[in-house]
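Undergrad: compute the structure for the input listed below.
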Amino acid sequence: MRGTPEAELLRANQAFYDAFATGDIEAMDELWARGLPVACVHPGWAPLYGRDEVLSSWRSILLGGGAPKVYCEDAQAAVFGDTGFVVCVEHIEGTALVATNYFVFRDDVWQIVHHQGGPMNAEADPAPTDRTLN
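TA: Got it, this is the predicted structure:
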């Protein structure tokens, strides 16, 4: 049984973090869209463009000495037809980052086309208690 588009998008986003956390490069490869422009901005890196360059970066991260401990929290999804994004907080080995993951719905699955993670001010005001994007 399928859930709402937002729930399905959140599951795809969690699959991304599961692949990241377990160092599963095959699962990571399956999540990234084929035949579409993709891009990725890892914290502190120059932007990466194209599937080959993006997946090469993930191979380096995931296979280059063990995947870092990572998990996602406070994930919020927004869907616009066959596109959507998730904004969340990434925790990578004790550091909190803000991340945005963009997806397209193709071939009956959500496929990632862009990931960007970056620093988050630890002293920032807390988010409002209403956690919806709308």
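Undergrad: for the rest of this, base every contact and every neighbour count on C-alpha atoms.
TA: Noted.
Undergrad: for the residue at minimal distance from the centre of the chain, grab phi and psi.
TA: Taking CA atoms, centre = their mean as the criterion, Asn101 is the residue nearest the geometric centre of the chain, at 4.1 Å. Torsion angles at Asn101 (phi, psi; degrees, to the nearest 10) stand at phi -120, psi 120.
Undergrad: Gln82 touches Val104, doesn't it?
TA: Let me fix one detail, which is that residue 82 is Asp and not Gln. Yes: contact criterion CA atoms under 8 Å: Asp82 and Val104 qualify, at 5.6 Å.
Undergrad: returning to what we had before: the residue nearest to the centre of the chain bridge partners, please.
TA: In this entry, Asn101 is beta-bridged to Val86, His115, by DSSP bridges.
Undergrad: the more surrounded of Asp82 and Val104?
TA: Val104 (23 against 13; other CA atoms under 10 Å).
Undergrad: separation between that one and Trp32?
TA: 10 Å (CA to CA, to the nearest Å).
Undergrad: likewise Gln76?
TA: 20 Å.
Undergrad: who's more crowded, these two?
TA: More crowded of Gln76 and Trp32, by other CA under 10 Å: Trp32, with 23 against 19.
Undergrad: which stretches in this protein count as helices?
TA: Assigned by DSSP state H, the helices in the chain fall at 5-22, 25-31, 51-63.
Undergrad: between those, which gets nearest to Ile92?
TA: Nearest of these to Ile92, taken as CA to CA: helix 5-22 at 9.3 Å.
Undergrad: residues of that closest one that come out buried?
TA: Within helix 5-22, the residues that qualify as buried are 5-6, 9-10, 12-14, 16-21, counting by 16 or more other CA atoms under 10 Å.
Undergrad: same deal with stretch 56-68?
TA: Applying 16+ other CA under 10 Å to stretch 56-68 flags 58-59, 61-62, 67 as buried.
Undergrad: dump these to JSON lines, plus pLDDT and distance to Ile25.
TA: JSON lines is the format used below for the buried residues of stretch 56-68 (pLDDT from 0 to 100; distance: CA to CA, whole Å):
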{"residue": "Trp58", "pLDDT": "95", "distance to Ile25": "7"}
{"residue": "Arg59", "pLDDT": "95", "distance to Ile25": "6"}
{"residue": "Ile61", "pLDDT": "91", "distance to Ile25": "10"}
{"residue": "Leu62", "pLDDT": "90", "distance to Ile25": "7"}
{"residue": "Ala67", "pLDDT": "67", "distance to Ile25": "10"}
